[in-house]
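[1] dropping a prediction and its sequence here:
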Amino acid sequence: MFPKVTLELPAWVSEIMEPGRIYETQKLRMELAIKLASENIRHQTGGPFGAAIFEIETGKLIAPGVNIVVPGKCSVAHAEAVAIMIAEQVIGSFDLGSGTPLELVTSSQPCIQCFGMTHWSGVRRLVIGATGEDVENLTGFDEGPLPQDWKKALANRDPLPPCEVITGVLQHESCLVLQEYKDGGGLIYNAGSTKPAK
Ligand SMILES: [Zn+2]
């Protein structure tokens, strides 16, 4: 018998936020993603990344996500991936693109894997704090070989409906969390070359 795979949000997530709460503005939604990233460092439950899925129109929180790569023993358990997987359970479908339009708000730009997951999830908008360059320069995490025109690819994903990309929302605040992780000597867990940040 091969093992089952189970991914679970750290317990503190449900203690500080509840499903269905309304986050009206883009700033409030990004603040939540950044809070998830910074609390994940504080609780030592994973990497310095947070994300959440909201209804675009109302700002209703559908699903939070934090990076749980190391505790989950799972290289794909990035914050965006976890938020998408939980949102799909909340919605009860693999397809986040057919009902009420949803957005993925992430404290840092998606890596190559999460770019692909964003594409397949069907979310209609991607909102980003820190850039991929910020992530690589401030921490040393590898973002992978993203296509040069990845933003355009999301906007033109015929026959899927387009996914709008918005960058630079609270970028500075997102970078501060990355810096905090590095200053605290957090683990940089790139496959084959994992080491502390300093
Ligand atoms: Zn990722």
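    Received it, and whenever you're ready, just let me know what you need. Numbering: from 1, shown residues only.

[2] burial check on the residue nearest to Pro147 when sequence neighbours are not counted, number of neighbours?
    Of all residues not flanking Pro147 in the chain, Ala153 sits nearest, at 6.2 Å (C-beta to C-beta, 6 or more residues apart in numbering). Quick note: C-beta positions are derived from backbone N, CA and C, even for glycine. Per other C-beta atoms under 10 Å, the neighbour tally for Ala153 reads 15.

[3] now do the host helix or strand of Ala153: which elements does it pack against?
    For Ala153, the host element (DSSP states H and E) is helix 150-155. Judged by 3 or more C-beta pairs under 8 Å, 6 or more residues apart in numbering; DSSP states H and E, helix 150-155 is in contact with helix 112-121, strand 164-166.

[4] contacts for the first one, please.
    Residues from elsewhere that reach helix 112-121 (C-beta atoms under 8 Å, 6 or more residues apart in numbering): 76, 78, 80-81, 84, 87-88, 96-97, 104, 106, 110, 126, 143-147, 150, 153-154, 157, 160, 163.

[5] pull out the buried residues from that helix.
    Buried positions in helix 112-121, judged by neighbour count with 16 or more other C-beta atoms under 10 Å: Gln113, Cys114, Phe115, Met117, Thr118, His119, Ser121.

[6] what is the nearest of those to the ion?
    Closest approach to the ion among those (C-beta to the ion): Cys114, at 3.3 Å.

[7] grab the nearest non-local neighbour of that closest one.
    Per C-beta to C-beta, 6+ apart, closest to Cys114 is Glu80, 4.0 Å.

[8] just checking, Asn137 is part of a strand?
    No - Asn137 is assigned helix when assessed by DSSP: H, G, I helix; E, B strand; the rest coil, not a strand.

[9] that one: neighbouring residues, count only.
    For Asn137, using other C-beta under 10 Å, the count is 12.
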